[in-house]
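Peer 1: quick one: sequence plus predicted model below, questions after.
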Amino acid sequence: MNKYTRMSEEWDRWLDASLDKGCRTQDIVAAMVAAHYDTAYAERTVAERQARRSQPAPVVAGPYRYGAPTIRHRNNTIATADRTVRVTMRIEQPVVAVLDDVFSPEECDAVVALARARLQPSATLSPTTGENQVKEHRTSQGAFLDDSDEPLLQRLNRRIAEIMNQPVENGEALHVLHYGVGAEYKPHHDYFDPSNTGFAATLKRGGQRVATLIIYLNDVEEAGDTVFPKLGLSIVPRKGSAVYFEYVNEAGQLDEASLHGGAPVERGEKWVATKWVRQGVFK
Ligand SMILES: O=C(O)CCC(=O)C(=O)O
Ligand SMILES: [Fe+2]
């Protein structure tokens with residue numbers, strides 16, 4: 001009997017559904033072979049589909065269309081497995097929420113202690129070359145915290161995933177920033193502009209960033225707000241609280257209204273932990 005080397009629409013949908021469900025490659029290929037698909041064709045088709053699906057979604061032109069928020073912030077609290085977080089402010093378009101009691105004071109101190117030894121001058125990705133570059137628009141120090149042998153970080157990352165209503169695997173490592181007096185992070189977007197070739201490599205690591213949670217790890221004596229210039233909004237840092245925002249919809253559009261920055265610290269110091277979440281698994 002001849003082996004099939006073309007796929008019907010029905011099988012095409014089945015392939016996407018199987019990948020959505022997280023079925024293993026070899027099981028999908030085996031099911032196709034059992035249904036008389038040519039083995040090499042089945043292997044190639046599944047591999048190509050997986051590669052295509054890991055590319056960022058194409059960006060749709062026109063004004064940003066708001067869909068349903070990903071975060072479940074309609075109620076006054078968000079319950080997670082180990083802590084109840086309070087919602088103290090929400091904006092609908094763009095989706096922004098200020099949350100209290102995200103970390104306990106002791107958890108904030110522990111994260112600062114873990115980060116302190118690993119701080120490096122903050123770098124940003126060059127939009128043209130994709131390389132890390134230290135720039136004066138980001139005069140803070142930062143560190144990515146690997147959670148592989150840190151139960152505390154694993155627990156916090158699980159809590160953050162629950163708050164953000166995202167799979168924990170889609171999150172980048174927790175990033176801690178330290179600002180001294182005068183240090184700031186000028187307004188920017190957390191998403192990567194796909195028209196900049198330098199971002200191609202990072203976009204392959206799980207697609208676009210879709211949402212951010214910035215957790216304040218200390219009280220700042222004066223200034224150092226997180227500012228959203230297009231919204232006229234300033235969030236005053238408060239130890240253990242956080243600001244959450246979303247900026248990519250299902251069509252892959254990017255919301256420019258999510259522009260934000262860390263205003264200069266005028267007195268004291270500022271510590272934050274940032275969680276950036278991707279469209280897919282971050283690798
Ligand atoms: O420090 C802040 O308030 C902003 C930090 C920020 O924008 C980021 O980590 O992406
Ligand atoms: Fe940011």
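Peer 2: Great, that's in hand. Residues are numbered from 1 along each chain as shown. Ligands and ions are numbered 1, 2, ... in the order given.
Peer 1: CA only for contacts and neighbour counts going forward, please
Peer 2: Noted.
Peer 1: quick check: phi and psi on residue 5?
Peer 2: The phi/psi pair for residue 5 (degrees, to the nearest 10) reads phi -130, psi 20.
Peer 1: name the residues linked to the residue of the stretch 101-250 of the chain found nearest ligand 1 by a beta bridge.
Peer 2: Per Cα to the nearest ligand atom, the residue of the stretch 101-250 of the chain with the smallest distance to ligand 1 is residue 226, at 3.8 Å. Counting by DSSP bridges, residue 226 is bridged to residue 235, residue 262.
Peer 1: I'd say it and residue 262 touch.
Peer 2: Yes: counting by Cα atoms under 8 Å, residue 262 is a contact partner of residue 226 at 4.6 Å.
Peer 1: about what we covered before: dump the residue contacts of the residue of the stretch 101-250 of the chain closest to ligand 1.
Peer 2: Counting by Cα atoms under 8 Å, 6 or more residues apart in numbering, residue 226 makes contact with 234-237, 260-263.
Peer 1: filter those residues down to the buried ones.
Peer 2: Applying 16 or more other Cα atoms under 10 Å to these, the neighbour count classes 234, 236-237, 260-263 as buried.
Peer 1: which of the residues you listed come close to ligand 1?
Peer 2: Residues of the buried ones among the contacts of residue 226 in contact with ligand 1 (Cα under 6 Å from any ligand atom): 261-262.
Peer 1: contact residues of the stretch 101-250 of the chain facing ligand 1?
Peer 2: So the stretch 101-250 of the chain meets ligand 1 at 190, 225-226 (Cα under 6 Å from any ligand atom).
Peer 1: can you list those residues in TSV and add pLDDT and distance to residue 38?
Peer 2: Output for those, formatted as TSV (pLDDT from 0 to 100; distance: Cα to Cα, whole Å):
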residue	pLDDT	distance to residue 38
190	97	44
225	98	60
226	98	56
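Peer 1: now distance to residue 24 too, for these, in CSV please.
Peer 2: Below are these laid out as CSV (distance: Cα to Cα, whole Å):
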residue, distance to residue 24
190, 32
225, 46
226, 42
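Peer 1: which one of those residues sits closest to residue 31?
Peer 2: Nearest to residue 31 among those: residue 190, at 40.6 Å, using Cα to Cα.
Peer 1: burial count for that closest one?
Peer 2: Applying other Cα atoms under 10 Å, we find 18 other residues in the vicinity of residue 190.
Peer 1: can you pull the contacts of it?
Peer 2: Contact analysis of residue 190 by Cα under 8 Å, 6+ apart lists 209, 212, 276.
Peer 1: I'd say the first one and residue 192 touch.
Peer 2: Yes: with contact defined as Cα under 8 Å, residue 209 and residue 192 form a contacting pair (7.2 Å).
Peer 1: and the two? which has more neighbours close in?
Peer 2: Neighbours per residue, other Cα under 10 Å: of residue 209 and residue 192, the larger number sits with residue 209, 25 against 19.
Peer 1: OK, contacts around the closest residue in space to that one that isn't next to it in sequence?
Peer 2: Spatially, and ignoring its direct neighbours in sequence, residue 209 is nearest to residue 278 (4.2 Å; Cα to Cα, 6 or more residues apart in numbering). Residue 278 sits next to 170-172, 206-211 when contact means Cα under 8 Å, 6+ apart.
Peer 1: tell me if I am right that residue 112 is in a helix.
Peer 2: Yes: assigned with DSSP: H, G, I helix; E, B strand; the rest coil, residue 112 falls within a helix.
Peer 1: and it, how many neighbours?
Peer 2: Using other Cα under 10 Å, residue 112 has 19 other residues around it.
Peer 1: my guess is it contacts residue 271. True?
Peer 2: Yes: shown here, residue 112 and residue 271 form a contact pair, counting by Cα under 8 Å, at 7.3 Å.
Peer 1: overlap of the contact sets of those two?
Peer 2: Listed as contacting both residue 112 and residue 271 by Cα under 8 Å, 6+ apart are 176, 217.
Peer 1: related to what we said a few turns ago, from the contacts of residue 190, which is closest to residue 163?
Peer 2: Relative to residue 163, the closest of the contacts of residue 190 is residue 212; by Cα to Cα it sits at 11.1 Å.
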